[in-house]
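Quick one, fold the following:
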Amino acid sequence: MNFTDINVEVQAKVLELLNEHIATSVDIIKADHILLPMLIIFDSRQLFSLQPKNDETDVDKAYAFVVDKLKKESFSYALFSYSTQIELENSKISNAIKTYIFTAQGIEVSFYTPYSLKGLLRKSINVEKTIFGGIKEHVFD
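All right, here's what the predicted structure looks like:
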């Protein structure tokens, strides 16, 4: 399924949430140099910081928690995000913000936003063009 296959209003809302989240994430990364896994449920204004145990983040467990949590919630949109590393087309390894946006209808849209820390004390962030990760349907079934 392609991004353009989903409802135009949903596309617009997903992109709006993504852009707002990336702008906020840049501020977090400037301060912490990383984005720890977090879940945002927009309708209820809930924010969950999914702190790792023993300083080791298990994003698969965090993702499973998120899906289970959202199955039990009433919401329109939710967002799960964290820092990771990806390999770009030029075989270069890059830091990236991985973002999943969920709809109440069980659609999950994922994105990768590569970034690099620059400057003295790594306080400057260069954010690159966001890469579409994919769409899953029936996530909550």
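
Now do the biggest helix by length in the chain: everything it contacts.
Longest among the helix segments of the chain by residue count, using DSSP state H, is helix 8-32. Where contact means CB atoms under 8 Å, 6 or more residues apart in numbering, the residues beyond helix 8-32 that reach it are 3-4, 6, 35, 40, 42, 77, 79, 81, 83, 97, 99, 101, 103, 107, 109, 111, 113, 115, 117, 123-125, 127, 130. From N, CA and C alone the C-beta is placed, and that goes for glycine too.

ok, residue 41 - contacts?
48, 70, 73, 75, 78.

Then residue 37?
Applying CB under 8 Å, 6+ apart, the residues contacting residue 37 are 49, 50, 52, 57, 59, 62, 80, 81, 82.

mind putting those in TSV, neighbour count, secondary structure and distance to residue 31 included?
Conversion of the contacts of residue 37 to TSV gives the following (neighbours: other CB atoms under 10 Å; DSSP: H, G, I helix; E, B strand; the rest coil; distance: CB to CB, whole Å):
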residue	neighbour count	secondary structure	distance to residue 31
49	8	strand	14
50	19	coil	18
52	14	coil	18
57	18	coil	18
59	16	helix	21
62	19	helix	21
80	26	strand	20
81	25	strand	16
82	22	strand	16
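
Turn those residues into TSV, columns for pLDDT and distance to residue 21.
What follows is the contacts of residue 37, written out as TSV (pLDDT from 0 to 100; distance: CB to CB, whole Å):
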residue	pLDDT	distance to residue 21
49	84	14
50	80	15
52	68	20
57	77	18
59	90	17
62	92	16
80	98	10
81	98	6
82	96	12
